[in-house]
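# Fold the stuff below for me.
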Amino acid sequence: MLMIGLIKDIKLLVNNELRDAYVHGFKSASEEGKTNVVQKGGVNQRFQTTDDTSVYKGKRLDIDFDQEDEDAIRVLQEGKVQTNSYNELSTVLATKLNVVVTDSITQGRSIPNTVAEMQKVINTETYKLTRIARTEITNVVNEGRLASYKKQEKKRKKPFKYTLVVASGPRTCDAHIELQNRIPAKGLLIDDLIQLQQSVGASHGLTLRGNSLLHPNQRTVLMRVP
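Okay, here's the model as predicted:
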């Protein structure tokens with residue numbers, strides 16, 4: 001019950017942060033292209049309209065943060081992408097705690113020792129839960145970025161090519177090392193990038209969720225190629 005309550009608390013906290021994450025991604029992608037974000041009437045006031053003469057030089061595009069984005073945020077808040085991760089974690093925790101209790105009975109452990117072993121399991125799974133929450137926020141930022149890019153594409157009447165900026169280091173997984181090596185310098189159309197991720201992910205036992213999420217603790221940023 002403790003872990004279930006913790007999962008609910010973290011999911012609620014993440015849901016409250018999802019809007020800001022999506023908006024941040026949307027706005028950051030817009031700023032890359034020197035694009036004005038125009039707030040549509042009746043939508044939660046997150047942006048201030050700017051005019052074509054302010055902030056940036058050169059020709060600018062106007063794109064709308066509108067009901068379509070509100071709907072996308074609502075879907076993300078319902079946990080379509082990560083719900084399975086939370087549910088799987090609950091199942092794993094329950095299984096591991098049952099094993100601890102069974103072993104304690106079999107081995108005649110004291111109650112304090114049993115509680116200590118159970119706490120170790122909870123601490124480990126809580127770390128995993130925090131990792132899932134952090135990954136979910138990163139994923140939503142990327143979804144907001146893609147939403148902005150797609151609206152820019154409609155305005156410019158030409159698709160962008162995309163890449164994944166992979167955080168390199170000892171924790172970088174084999175799948176993302178392979179992706180980093182296989183994505184051309186000039187990028188790929190989004191459908192081709194998604195297909196490549198699906199192919200590479202499958203070869204490493206991973207399933208693509210959303211448009212750019214292969215696994216928890218992922219540290220990648222979706223970007224258009226200039």
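# next helix or strand past the helix or strand of the chain with the lowest mean pLDDT?
Between all helices and strands in the chain, the lowest mean by mean pLDDT, DSSP states H and E belongs to strand 35-39, at a mean of 60. Counting by DSSP states H and E, the next helix or strand C-terminal to strand 35-39 is strand 61-65.
# Sheet partners, orientation included, of that next one?
Strand pairing for strand 61-65, determined by DSSP bridges: strand 35-39 (parallel).
# what's the domain layout of the chain?
Domain ranges of the chain: 2-155, 159-226, per automatic domain parsing.
# how long is the last one from one end to the other?
From its first residue to its last, domain 159-226 covers 12 Å (C-alpha to C-alpha, to the nearest Å).
# from the chain's centre, how far out does that domain sit?
From the chain centre to the centre of domain 159-226 is a distance of 13 Å (C-alpha atoms, centre = their mean, to the nearest Å).
# Give me the mean pLDDT for that domain.
The average pLDDT within domain 159-226 is 91.
# one step back: mean neighbour count added to the domains of the chain, as CSV?
Backbone N, C-alpha and C define where each C-beta goes, glycine included. Below are the domains of the chain laid out as CSV (neighbours: other C-beta atoms under 10 Å):
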stretch, mean neighbour count
domain 2-155, 16
domain 159-226, 16
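# how near is residue 169 to residue 135?
Per C-beta to C-beta, to the nearest Å, residue 169 is found 16 Å from residue 135.
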